[in-house]
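Student: Provided below for reference: sequence and predicted model.
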Amino acid sequence: MQNTKKAKTAVKGKTQIITVLGNPQKPYKIGTARSQYWLTVKTYNGKTVQALQQAITANPPSQPKRGKLAGKTEPLSGWLAFFEREGLLQIVAK
């Protein structure tokens, strides 16, 4: 039986295109890291993951204030995997 909790990742080495499938059933709380990353990811619908990565590196939507990542940009792969698990986006290799 297939585990539906795991995000299906695109093949490495190919261009990865972000396809937004929809919006969350309940909007994310305004000002949270989740909502800020989601708004940024939505603007890159149809564009490459690499372009999104460059934009987030240049201007991070949110940075943790506490913990081991305090003051650093969170890894984009975690956010993409979360949104993919939620059924909000799909990453297609081309």
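Tutor: Happy to help now that I have it. In this text, all values refer to a predicted model and were calculated from it rather than measured experimentally.
Student: Not counting its neighbours along the chain, what's nearest residue 45?
Tutor: residue 20 (4.2 Å; CB to CB, 6 or more residues apart in numbering). The way it works is simple: take the backbone N, C-alpha and C, and place the C-beta from them, glycine included.
Student: Strands of the protein, start to end?
Tutor: 16-20, 89-93 (DSSP state E).
Student: Show the contacting residues for the spatially most central residue of the chain.
Tutor: Taking CA atoms, centre = their mean as the criterion, residue 80 is the residue nearest the geometric centre of the chain, at 2.9 Å. Residues in contact with residue 80 (CB atoms under 8 Å, 6 or more residues apart in numbering) are 7, 18, 41, 49, 89, 91.
Student: Kindly report the same for residue 79.
Tutor: 37, 41.
Student: run the last query once more with 7 Å
Tutor: residue 37 (CB atoms under 7 Å, 6 or more residues apart in numbering).
Student: Sketch out the low-pLDDT regions of the protein for me.
Tutor: Residues of the chain meeting the criterion pLDDT under 70: 1-12.
Student: And the helices in it?
Tutor: Shown for the chain, the helices assigned by DSSP state H span residues 33-43, 49-58, 76-85.
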